[in-house]
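K.L.:
What follows is a protein structure lacking sequence information:
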């Protein structure tokens, strides 16, 4: 009995494997076609139907690196699946096709296969180097200082730089030629300032310079619009999510569970102390007003009635505040989720924003950089910053209905600004001192 069950399992496993083998051509063709569709989608959406190329785009280098990495991955998938399709078609004969028909596996019609193959070839042919280009590029010498963000992909770069000839034995003449030139060796007949002025005049007199200026301006304008729009989305979407979730999702649920009058009015001791102080202040106010207008003193019954009305009003107010604090906790979770979702689906926009801020920061003068650094350090880690942190932490605690723990606040103020100050000084020492030493010198002079 056990042997029959075991043999039946083996038979079902072999049958499933055989069915998977018979479906290999259709599966590989579908995956290659899907990769080609994704490449075509990127071209239509971001490059107006043209080839994914840095010369025909208005995006920054970081965005183009993002698109080229996706392109290389999709091209690799399409080529591998086409190879798998050809190999599986070669191994499958008429007997296999008859067996597939008996097993209930339906193959696509030949016209549909040809249509998919034609579409895949049209997409891939834009990014395929011909044999003549490969031969000529392989014999060419690699140019010095190839830029990092070049439009050549990794596969093309490997093809171009594949050595075809054995390396030569270095000689004295080649060693002399390979020595780096110093400043004395590079000195020409004319001063460099005159040569740079001539070069600048040539650029200004070039008839195509106006087109380049217009293209650069449009690229900068597009980058600015994308950055400002994305920053506004980062602010508006979480706020709208918080208000909508609080009004239509979290609010009704909290009100349903806290609708009874027997529910707890105060969710922390600070609210209770605040309500008691408000009630005592109201009682003193009644006595003071009674003394001012020279009216007869209120009877205990009248005083108790007014105090009861005020207590009921305070209870209603603080019950609403407690419910609002609970709503804020869950609504903030929705806001954080919306913020993270926006970051995950906007990787290209994040790269554009990063490039936008880099241009703004590096375009500032040294005095402006030093002014911004001193402003931020004095606000967050300066002498008066503990008061701001205290107000901020108390506001967050009240927003979430938590008691403001003074010990935690003082401990936070004693450690977190110090950590921020250390990180900021390390950033100035490690990065800003290397990028803009004059800004660091201006910062130190202004700080003194």
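P.N.:
Perfect, I can see it now. Please read all numbers here as calculations on a predicted model, not as lab measurements.
K.L.:
where does this structure have its least confident helix or strand?
P.N.:
Every helix and strand in the chain was compared by mean pLDDT, DSSP states H and E; the lowest is helix 154-160, with a mean of 38.
K.L.:
count of neighbours near residue 305?
P.N.:
When neighbours are counted by other C-beta atoms under 10 Å, residue 305 registers 12. In this view, the C-beta of every residue, glycine as well, is placed from N, C-alpha and C.
K.L.:
any idea how far residue 286 is from it?
P.N.:
11 Å (C-beta to C-beta, to the nearest Å).
K.L.:
With residue 296 instead?
P.N.:
The value you get for residue 296 to residue 286, if C-beta to C-beta is used, is 13 Å.
K.L.:
more neighbours, these two?
P.N.:
residue 286 (16 against 6).
K.L.:
correct me, but residue 319 touches residue 267?
P.N.:
No. Between residue 319 and residue 267 there is no contact, the gap being 9.6 Å when judged by C-beta atoms under 8 Å.
K.L.:
which residue sits closest to residue 338, ignoring its sequence neighbours?
P.N.:
residue 241 (4.1 Å; C-beta to C-beta, 6 or more residues apart in numbering).
K.L.:
who does whatever helix or strand the one you found lives in touch, helix- and strand-wise?
P.N.:
If you go by DSSP states H and E, residue 241 is part of helix 209-244. For helix 209-244, the elements it packs on are helix 300-344, helix 347-363, judged by 3 or more C-beta pairs under 8 Å, 6 or more residues apart in numbering; DSSP states H and E.
K.L.:
closest one to residue 416 among these?
P.N.:
helix 300-344 (20.3 Å; C-beta to C-beta).
K.L.:
report the angle between the axes of the closest one and helix 347-363?
P.N.:
90 degrees (axes from the mean of the first three to the mean of the last three C-alpha atoms, to 10 degrees).
K.L.:
Now for residue 258: which residues touch it?
P.N.:
By C-beta atoms under 8 Å, 6 or more residues apart in numbering, the contact set of residue 258 is 319, 322-323, 326.
K.L.:
Dump the residues you listed to a markdown table, plus neighbour count.
P.N.:
Below are those laid out as a markdown table (neighbours: other C-beta atoms under 10 Å):
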| residue | neighbour count |
| --- | --- |
| 319 | 18 |
| 322 | 20 |
| 323 | 19 |
| 326 | 18 |
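K.L.:
Look up the closest residue to residue 447, ignoring the ones flanking it.
P.N.:
residue 374 (6.5 Å).
K.L.:
Neighbours of the one you found, how many?
P.N.:
By other C-beta under 10 Å, neighbour count at residue 374 equals 15.
K.L.:
That one sits in which helix or strand?
P.N.:
helix 366-380.
K.L.:
for the stretch 251-400 of the chain, which spans come out with low pLDDT?
P.N.:
259-263, 294-295 (pLDDT under 70).
K.L.:
90 instead?
P.N.:
251-275, 283-307, 310-312, 314-326, 346-349, 351-352, 354-388, 394, 397-400 (pLDDT under 90).
K.L.:
domain assignment for this structure?
P.N.:
The chain breaks down into these domains under automatic domain parsing: 2-128, 220-347, 364-447.
K.L.:
still on that earlier bit, so can I have CSV of the helices and strands packed on helix 209-244 showing distance to residue 53?
P.N.:
Converted to CSV, those look like this (distance: least, C-beta to C-beta, whole Å):
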stretch, distance to residue 53
helix 300-344, 27
helix 347-363, 16
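K.L.:
wait, which of the ones you listed is closest to residue 199?
P.N.:
helix 347-363 (23.0 Å).
K.L.:
Can you tell me what sits against the closest one?
P.N.:
59-63, 66-67, 223-224, 226-227, 230-231, 343, 369, 435-436.
K.L.:
quick one: it to helix 209-244, angle?
P.N.:
120 degrees.
K.L.:
report the angle between the axes of helix 347-363 and helix 366-380?
P.N.:
If you take the same axes, to 10 degrees, helix 347-363 sits at 110 degrees to helix 366-380.
K.L.:
List the buried residues in whichever strand or helix holds residue 87.
P.N.:
Counting by DSSP H and E, the element that carries residue 87 is helix 61-91. For helix 61-91, the buried set under the neighbour-count rule, 16 or more other C-beta atoms under 10 Å, comprises 62-64, 66-68, 71, 74-75, 77-79, 81-82, 84-85, 88.
K.L.:
Let me know the average pLDDT across it.
P.N.:
The average pLDDT within helix 61-91 is 81.
K.L.:
Could you list every helix and strand that that helix packs against?
P.N.:
helix 24-46, helix 110-124, helix 154-160, helix 347-363.
K.L.:
do that again at 6 Å, thanks
P.N.:
For helix 61-91, the elements it packs on are helix 24-46, helix 347-363, judged by 3 or more C-beta pairs under 6 Å, 6 or more residues apart in numbering; DSSP states H and E.
K.L.:
Would you point to the one among these that's packed deepest?
P.N.:
helix 24-46 (a mean of 18; mean count of other C-beta atoms under 10 Å).
K.L.:
Tell me how far that one lies from the chain's centre.
P.N.:
Averaging C-alpha positions (C-alpha atoms, centre = their mean, to the nearest Å) puts helix 24-46 26 Å from its chain's average.
K.L.:
again, but for stretch 276-284
P.N.:
The mean C-alpha position of stretch 276-284 is separated from the chain mean by 52 Å, C-alpha atoms, centre = their mean.
K.L.:
And for residue 339, the neighbour number?
P.N.:
Neighbours of residue 339 (other C-beta under 10 Å): 16.
K.L.:
scratch that, residue 123 is what I was asking about
P.N.:
Neighbour tally, residue 123, other C-beta under 10 Å: 22.
K.L.:
Quick check: it vs residue 286, distance?
P.N.:
Note on residue 123: its distance to residue 286, by C-beta to C-beta, is 83 Å.
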